[in-house]
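Q: quick one: sequence and predicted model below, then my questions.
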Amino acid sequence: MHEEKNEKTFLGFWIYLMTDLLMFAGLFAAFIVLRNNTFGGVGGSQIFNMPFVLVETLFLLTSSFTCGVALLLAHEKKLKGVIAMLCTTFLLGAGFLGMELYEFSHLFSEGHTYQKSAFLSSYFALVGTHGLHITAGLLWMLILIIFILKKGLTQGGIRKITLMSLFWHFLDIVWIFIFTIVYLMGVAL
């Protein structure tokens with residue numbers, strides 16, 4: 001009975017991730033079609049600060065590594081290590097989100113808002129949706145840390161860490177595509 005519940009939980013979560021993947025695919029498609037529609041305004045090469053985005057990317061990719069270590073430690077029932085790695089993942093993710101919010105506020109302060117062009121509109125939609133997912137992941141992680149501190153590393157707790165880890169790695173993969181398609185290709189075009 002317990003195995004059947006786990007299988008249904010994981011199947012349901014994979015289905016959720018695939019629906020998220022379809023949503024991001026639509027946002028990527030819209031961005032690719034609209035990235036040259038600047039309405040006479042700025043394009044990516046004029047507004048993207050690549051060293052800043054690279055640091056932001058390193059924060060998120062490192063958080064994926066620490067999240068993976070947390071899952072490995074959970075299977076070894078090393079509570080302190082799990083908490084340390086989840087807290088590190090949270091801090092790196094929060095750093096990434098803070099940098100993304102700073103980037104958005106900087107662009108807005110310079111007048112580069114989503115209302116200026118189709119390029120900026122699709123940029124903010126794609127990157128902003130990813131940021132909302134990071135926010136949800138951070139909230140989930142915080143609740144998970146509290147759960148583990150109260151209940152310990154139960155079978156249910158390890159399942160929750162596994163699901164959260166899948167979500168976090170999914171967001172990192174999406175970011176790699178954002179970094180490549182939006183930023184790297186944006187400054188090259």
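A: Sure, I can see it. Note that the coordinates shown come from a computational prediction; the quantities given were computed from them, not determined experimentally.
Q: need the contact partners of stretch 169-178.
A: With contact meaning C-beta atoms under 8 Å, 6 or more residues apart in numbering, stretch 169-178 is reached by 17, 20-21, 24, 28, 57, 60-61, 63-64, 67-68, 126-127, 130, 133-134, 137. Using the backbone N, CA and C atoms, a C-beta is placed for each residue, glycine as well.
Q: buried set for stretch 63-79?
A: Neighbour-count burial for stretch 63-79 flags 63, 64, 66, 67, 69, 70, 71, 73, 74 (criterion: 16 or more other C-beta atoms under 10 Å).
Q: and stretch 13-31, by the same measure?
A: 13, 20, 24, 27, 28, 31.
Q: which strand or helix spans the residue nearest to the second one when sequence neighbours are not counted?
A: If I follow you right, that is residue 20. Closest residue in space to residue 20, ignoring its immediate chain neighbours: residue 170 at 7.0 Å, by C-beta to C-beta, 6 or more residues apart in numbering. Per DSSP states H and E: residue 170 is located in helix 155-178.
Q: how about the contacts made by the closest residue to residue 181 other than its chain neighbours?
A: Computed as C-beta to C-beta, 6+ apart, the closest residue to residue 181 that is not its neighbour in sequence is residue 28, at 6.4 Å. For residue 28, the contact set (C-beta under 8 Å, 6+ apart) comprises 126, 177, 181.
Q: now with 10 Å, please.
A: 122, 126, 174, 177, 178, 181, 182 (C-beta atoms under 10 Å, 6 or more residues apart in numbering).
Q: farthest-apart pair in the residues you listed, please.
A: Distance extremes for the contacts of residue 28: the farthest pair is 122 and 174 at 15.2 Å, using C-beta to C-beta.
Q: in the protein, where is pLDDT below threshold?
A: The model of the chain has pLDDT under 70 over residues 1-2, 189.
Q: circling back: which of the contacts of residue 28 count as buried?
A: Taking 16+ other C-beta under 10 Å as the criterion, what is buried in those is 122, 126, 174, 178, 182.
Q: name the nearest residue to the second one, sequence neighbours excluded.
A: The shortest distance from residue 126 to any residue other than its chain neighbours is 4.4 Å, reached at residue 27 (C-beta to C-beta, 6+ apart).
Q: and the helix or strand that neighbour falls within, how far out from the chain's middle?
A: If you go by DSSP H and E, residue 27 is part of helix 2-34. Taking the mean of its C-alpha atoms, helix 2-34 sits 14 Å from the chain's own mean (C-alpha atoms, centre = their mean, to the nearest Å).
Q: and it with helix 155-178, angle?
A: 20 degrees (axes from the mean of the first three to the mean of the last three C-alpha atoms, to 10 degrees).
Q: and the next element down the chain from helix 2-34?
A: Counting by DSSP H and E, the next helix or strand C-terminal to helix 2-34 is helix 44-47.
Q: give me the buried positions along that next one.
A: Applying 16+ other C-beta under 10 Å to helix 44-47 flags 44, 47 as buried.
Q: which other helices and strands contact that helix?
A: helix 79-109, helix 118-151, helix 185-188 (3 or more C-beta pairs under 10 Å, 6 or more residues apart in numbering; DSSP states H and E).
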